[in-house]
Structures are given as C-alpha cells and as structure tokens.
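S.K.: Pasting a predicted model and its sequence here:
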Amino acid sequence: MTVDAHHHVWDLSVRDQDWIPQHSPLRRDFTLADLAPEARAAGVTRTVLVQTVTVPEETPEFLALADAHDLIAGVVGWTDLTRPDIAEELARLRQLPGGTHLKGIRHQVQGEPDPEWLLRPDVRRGLTALADAGLTYDLVVLPHQLPACAKAAETLPQLTFALDHLGKPPIASGALEPWAARLRALAALPNTVCKLSGMVTEADPASWTVADLLPYAETVLEAFGPDRLMFGSDWPVCTETATYTHVLDVTRQLTAGLSVTEHTAVYEATARRVYDL
C-alpha cells in the first residue's frame, strides 16, 4: 500500500489558478478522474489533497470531494489564520460534508514578502488554534524562510509542521548550502516532518537526472529520518517534467537503500500518523 501525501486538483471553469503562467501546460483542468487511474496503476491507494489558492471556497469543495471518493483520505485546506474567529472557523469546516477529512491547513508563505511572516502574533495565534484542533500545518516556503519555520516550530511544540517539497532547494543550480544547514535546523525539532515531493519541479526541466536529486534526498533522509518523511507526488505540478508513475519510480530509486520498515514509513506509515488517516 502506498499513500501519496501531496497532490492537487483544479477546475479552471470553477476558478482561475492565477499562479499558473499563461502558456504553461498546467493551464488546463486536472481532476480526480484524471488522477485516479494513474494512482491506481502506480499502486497508490490513498492520498492527501492539498490546497492551491487562498480562497475560502476551495476547502469546502475539497472536503466534499474527499467525502465522495475513497482515494482521498485527507485534505490540507486553506483558511485565513489571522482571522479573529479562527477556532470557530476550523470547527465550522469540520461540520461540513466531508469535514472529518480536514487534516491540516496551508498558506502560501512562499509568496509573503515578510520572511518572518510565520512569527507574527496574529499568525501565531492561528497556528495555536490549529494545534488546539489537532490539525497539522503544511509549510510551503523558500529556503530563506526556513529559519522562521524553525523558530515557529520551536515555540509551538504542540503543533506538527509538515515541510512541503524539501523547502524548495535550488536543485537546478546544484547548490546545497545554505539550504541544507537551514533544513537541518528545522529537522532538529521533533514536531517537524518533511515530504519527499516537488524535487523534479526544482530541477533543470530539460536535463535533470536521478543523480541531480540524490544529494537533496540524502540530506533530508539524514536530517529527518524515514519515520519523519513521506512521499508526495505533487501531481499535477510534476507533470511539467515527469509523469505520475515516473515521479514515484524516481523517489523509490532515491530511497532504494531503506529497510522494509523504513520504506513503509516513507510510503505509508508517516503520512497515516501525521495526518491521522
């Protein structure tokens, strides 16, 4: 059994995905009907659906989708963490159809100009409400924002922080530092986990190889350990450079040295534990 801990869906007739460049191959609908046969062919039986845009309507739609399809075991949605009634809003979301599938919240921190956005008092209040509700927080950040992630995780030990896409290291350039040092500082905190996801997107789209990804995969394996790592396809963003099956195959090559127990952690057990699937 394999759990895909990170993928998306979108329907451009419902709303625009304004982060997608105008002529990108991603500028079309990607639905669960598109993903399901690919996941099945790859042996993936459960997934975590992750937010894409910062609008309140998306999360209820994703919860309803999870309610209707067994493939989706959990949803990482979006809500405004700074709203004064954040605790009540989280409770409201959980009462919606499919509300039991809400497992975490994510915000596009990578787009925030303040590198210490996570440390703002109003954001910290929202993060505390997530912890009180038993939810996780997904971190989509750039390398220069990792120190703030570590500070936030250190001051909120009761909240699990899940780092998406390894913190977006500069794989295309081949540089490891200062990303690696910042990542290790975050991984030193026991309430943090990391997704083996998004690597092909950060690599050179025209010429990347498994060898290009290996130093970054090895860094997170050493820093977090298999018990705090989980596979994520980042479908359909990954399709710019690799198919769903290819991404899973490459990730398995990068983790070929793991024991059976460690392999189970990365491809199933960690996601089940972190997201209470």
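M.R.: In hand now; what should we look at? Numbering: from 1, shown residues only.

S.K.: which residues sit in contact with the most centrally placed residue in the chain?
M.R.: In the chain, the residue lying closest to the centroid (Cα atoms, centre = their mean) is residue 164, at 3.9 Å. Residues near residue 164 by Cβ atoms under 8 Å, 6 or more residues apart in numbering: 6, 50, 106, 138-141, 195, 197-198, 232. The way it works is simple: take the backbone N, C-alpha and C, and place the C-beta from them, glycine included.

S.K.: Mind checking which of those residues land in helices?
M.R.: Counting by DSSP state H, no part of the contacts of residue 164 is found in helices.

S.K.: As TSV, those with neighbour count would be great.
M.R.: Shown next, in TSV, are those (neighbours: other Cβ atoms under 10 Å):
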residue	neighbour count
6	29
50	26
106	21
138	27
139	27
140	22
141	26
195	28
197	26
198	23
232	26
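
S.K.: and which of those residues is nearest to residue 224?
M.R.: Distance to residue 224 across the contacts of residue 164 (Cβ to Cβ) is lowest for residue 195, with 10.0 Å.

S.K.: so that closest one touches residue 163, yeah?
M.R.: Yes: the pair residue 195 / residue 163 is scored as a contact, 6.6 Å apart, by Cβ atoms under 8 Å.

S.K.: what residues are up against residue 251?
M.R.: Contacts of residue 251 by Cβ under 8 Å, 6+ apart are 196, 199, 217, 231.

S.K.: Just the element for it, please.
M.R.: If you go by DSSP states H and E, residue 251 is part of helix 244-254.

S.K.: Low-confidence ranges, this protein, go.
M.R.: Judged by pLDDT under 70, the chain has no weakly predicted residues.

S.K.: So which residues make contact with the helix or strand containing residue 149?
M.R.: Assessed by DSSP H and E, residue 149 sits inside helix 146-155. Residues outside helix 146-155 that contact it (Cβ under 8 Å, 6+ apart): 115-119, 124, 127, 139, 141, 159, 161, 163, 167, 179, 182-183, 185-186, 188-189, 191-192.

S.K.: Could you export it as PDB, CA atoms only?
M.R.: In PDB, the C-alpha atoms belonging to helix 146-155 read as follows (Å, rounded to 0.1, in the frame of the first residue of the first chain):
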ATOM      1  CA  LEU A 146      13.300  28.100   6.800                       C
ATOM      2  CA  PRO A 147      14.800  29.900   9.800                       C
ATOM      3  CA  ALA A 148      11.400  31.400  10.600                       C
ATOM      4  CA  CYS A 149       9.900  27.900  10.200                       C
ATOM      5  CA  ALA A 150      12.300  26.600  12.800                       C
ATOM      6  CA  LYS A 151      11.500  29.400  15.200                       C
ATOM      7  CA  ALA A 152       7.800  28.800  14.800                       C
ATOM      8  CA  ALA A 153       8.100  25.100  15.400                       C
ATOM      9  CA  GLU A 154      10.300  25.600  18.400                       C
ATOM     10  CA  THR A 155       7.800  28.000  20.000                       C
END
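
S.K.: Just the residues contacting the next helix or strand along the chain from it, thanks.
M.R.: Using DSSP H and E, the helix or strand that directly follows helix 146-155 along the chain is strand 161-163. With contact meaning Cβ under 8 Å, 6+ apart, strand 161-163 is reached by 104, 136-139, 141, 149, 152-153, 183, 186, 189, 191-195, 230, 274.
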